[in-house]
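Enquirer: fold the following and give me the result.
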Amino acid sequence: MADATTAPAKEETAEEKTVMVVGIDDSDHSYYALEWTLEHFFSPEVRGPNPPFRLVIVHAKPTPSSVVSLAGPGAADVLPFVEVDLRKSAARIVEKAREVCVAKSVSALVEVMEGDARIVLCEAVEKHHADMLVVGSHGYGAIKRAVLGSVSDYCAHHAHCTVMIVKKPKSKKK
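Expert: Predicted coordinates for the structure are as follows:
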């Protein structure tokens, strides 16, 4: 029988910070959530010389097969072209997120993970041991949310951390 011992308590150093994951897609709602988060948690007025969080921005790139619902001869020939478009789109999305962070003088780890956004964001929380997940709200009604599914609703119920859903005020909608 092995001797059961516990590891010594880990002392928190100045370099260790709480991790905040922000999920982004190509919507105005997600960029609003990112900007809101940067203003409220990372601005010099709030953070002082050092931000209290380590920021991880995650974009969930859909799989080509989830975007294309073709069957029959030739369907497989289309998937490489869809993959190229999805990669270009993901690159545009994360580049815009980087630009937003640079404009606010905030450094962030930016990742693209393939899969359903709901699952990807919950996995990112686990991977980075995040204490907070921030997602934007698209403001869908009950019927649209039931048909399309709500990333924010799923994450609120399944992510193993605090989930903050940032809703864009009506006056700021474009």
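Enquirer: can you report how many residues neighbour residue 31?
Expert: Neighbour count for residue 31, taken as other C-beta atoms under 10 Å: 18. For every residue, glycine as well, the C-beta is placed using N, CA and C.
Enquirer: tell me the buried residues in the helix or strand hosting it?
Expert: Following DSSP states H and E, the helix or strand that holds residue 31 is helix 28-37. For helix 28-37, the neighbour count (16 or more other C-beta atoms under 10 Å) marks 29-37 as buried.
Enquirer: so where's the longest strand in this structure?
Expert: Longest strand in the chain by number of residues, with DSSP state E as the criterion: strand 53-61.
Enquirer: quick one: strands adjacent to it?
Expert: strand 18-24 (parallel), strand 109-114 (parallel) (DSSP bridges).
Enquirer: against which helices or strands is the helix or strand just after that strand packed?
Expert: Counting by DSSP H and E, the next helix or strand C-terminal to strand 53-61 is helix 64-67. Packing contacts for helix 64-67, counted by 3 or more C-beta pairs under 8 Å, 6 or more residues apart in numbering; DSSP states H and E, involve helix 75-103.
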